[in-house]
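> the sequence and its predicted three-dimensional model are supplied below.
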Amino acid sequence: MRMSLAQRVLLTWLFTLLFLIMLVLKLDEKAPWNWFLIFIPVWIFDTILLVMLIVKMAGRCKSGFDPRNGSQNMKKKVWYLIAMLLKLAFCLALCAKLQRFTTMRLAYVFIPLWALLAGGLLELGYNIFYVRRD
């Protein structure tokens, strides 16, 4: 199953729009919904991305696949998986804090986001300044 670029962009915009509409309704106090319900479009979108990523990673396990062809690609997919899990951890901690399920300090809630941003900066720096020495 392959999605075209236009379909991926449309899906991303649809989930983002739905999340923002629900967020505005919650912040305007028009909807007394739980914060975990507000984030459902984000989690559905992340679940779709995680399933697609895991399916692509599992494709390396099929017979006849040469593991030497694409070790860099696999490292990138592992980084994507870690990034998605950090984003999920941040969203869950944020919802728990906003819903007052926990008395965790706000600085602790943002640790997964900070780790994600630091990893993103390292990945960006590596991709910009890495020089191949073949």
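Looks like it arrived, so ask away.

> low-confidence stretches in this structure?
The model of the chain has pLDDT under 70 over residues 1, 63-72, 131-134.

> quick one, longest helix in it?
Across the chain, the longest stretch assigned as helix under DSSP state H is helix 71-98.

> tell me the helices and strands packed up against that one.
helix 35-38, helix 40-58, helix 106-109, helix 111-129 (3 or more C-beta pairs under 8 Å, 6 or more residues apart in numbering; DSSP states H and E). Glycine gets a C-beta too; all of them are placed from N, C-alpha and C.

> so which of those is nearest Leu88?
Nearest to Leu88, of all the helices and strands packed on helix 71-98, is helix 40-58, at 6.1 Å by C-beta to C-beta.

> could you give the angle of the closest one to helix 71-98?
For helix 40-58 against helix 71-98, the angle by axes from the mean of the first three to the mean of the last three C-alpha atoms, to 10 degrees is 160 degrees.

> restrict helix 40-58 to CA atoms and write it as PDB.
Extracted in PDB, the C-alpha atoms of helix 40-58 (Å, rounded to 0.1, in the frame of the first residue of the first chain):
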ATOM      1  CA  ILE A  40      -7.000  11.700  19.700                       C
ATOM      2  CA  PRO A  41      -6.300  13.000  16.100                       C
ATOM      3  CA  VAL A  42      -2.700  13.300  17.000                       C
ATOM      4  CA  TRP A  43      -2.500   9.800  18.300                       C
ATOM      5  CA  ILE A  44      -4.400   8.300  15.400                       C
ATOM      6  CA  PHE A  45      -2.000  10.000  13.000                       C
ATOM      7  CA  ASP A  46       1.000   8.900  15.000                       C
ATOM      8  CA  THR A  47      -0.300   5.300  15.100                       C
ATOM      9  CA  ILE A  48      -0.600   5.300  11.300                       C
ATOM     10  CA  LEU A  49       2.900   6.500  11.000                       C
ATOM     11  CA  LEU A  50       4.200   4.000  13.500                       C
ATOM     12  CA  VAL A  51       2.500   1.100  11.800                       C
ATOM     13  CA  MET A  52       3.900   2.200   8.400                       C
ATOM     14  CA  LEU A  53       7.400   2.500   9.900                       C
ATOM     15  CA  ILE A  54       7.200  -0.900  11.600                       C
ATOM     16  CA  VAL A  55       6.000  -2.600   8.400                       C
ATOM     17  CA  LYS A  56       8.900  -1.100   6.500                       C
ATOM     18  CA  MET A  57      11.300  -2.200   9.100                       C
ATOM     19  CA  ALA A  58       9.900  -5.700   9.200                       C
END
